[in-house]
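J.: this is the structure alone, sequence omitted:
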């Protein structure tokens, strides 16, 4: 499977929103949030493409001393094929070259699939964030030392 990674372009927006809504029923980002993230971090919004179809994306950007993994999703039809891993590793390698040594993210404590995915990539649960999400659900803060 020949997956290409490239920077997000505005015409990708509807595909990204579709993947987002299918992936996150409770906390899906609205279209406006993606537009804002793209304006703020145009080089840090990457899409995975198979032929002419957007099948996943990642948004991760540098903060003061770490990489903030904001959002990641892969189209349900293309999961378990290594696309999420490819996206995460792309960002980790990119920011490692910029001398960032830590990556952080938040994940729902009930999202066992995502937790296992990130643990396989070397992330560790560092703490529980009580009431982190809009619906007051808890999150784990996960960290990877590069």
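T.: Great, that's in hand. All values reported here derive from a predicted model rather than from experimental measurement.

J.: stretch 60-71: end-to-end distance?
T.: When the termini of stretch 60-71 are compared using Cα to Cα, to the nearest Å, they are 7 Å apart.

J.: just the strands in this structure please.
T.: For the chain, the strands defined by DSSP state E occupy 3-7, 45-50, 53-62, 67-74, 102-108, 124-129, 139-145.

J.: can you say which of those is nearest to residue 29?
T.: Using Cβ to Cβ as the measure, strand 67-74 is the one of those that comes nearest residue 29, at 6.5 Å. (Each C-beta comes from the backbone N, C-alpha and C, glycine too.)

J.: contact partners of that closest one?
T.: 19-20, 23-24, 29, 37, 48, 55-62, 83-84, 87-88, 91-92, 95, 100, 102-105 (Cβ atoms under 8 Å, 6 or more residues apart in numbering).

J.: quick one: closest of the strands of the chain to residue 15.
T.: Ranking the strands of the chain by proximity to residue 15 (Cβ to Cβ) places strand 53-62 first, at 3.8 Å.

J.: from the chain's centre, how far out is the closest one? Work that out for me.
T.: Relative to the chain's own centre, strand 53-62 is displaced by 6 Å; criterion: Cα atoms, centre = their mean, to the nearest Å.

J.: will you turn the strands of the chain into TSV that also has distance to residue 118?
T.: Putting the strands of the chain into TSV (distance: least, Cβ to Cβ, whole Å) gives the following:
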stretch	distance to residue 118
strand 3-7	19
strand 45-50	17
strand 53-62	12
strand 67-74	9
strand 102-108	7
strand 124-129	9
strand 139-145	5
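
J.: would you turn these into TSV with mean pLDDT and mean neighbour count?
T.: Rendered in TSV, the data for the strands of the chain read as follows (pLDDT from 0 to 100; neighbours: other Cβ atoms under 10 Å):
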stretch	mean pLDDT	mean neighbour count
strand 3-7	97	13
strand 45-50	97	20
strand 53-62	97	21
strand 67-74	97	21
strand 102-108	96	19
strand 124-129	98	12
strand 139-145	97	18
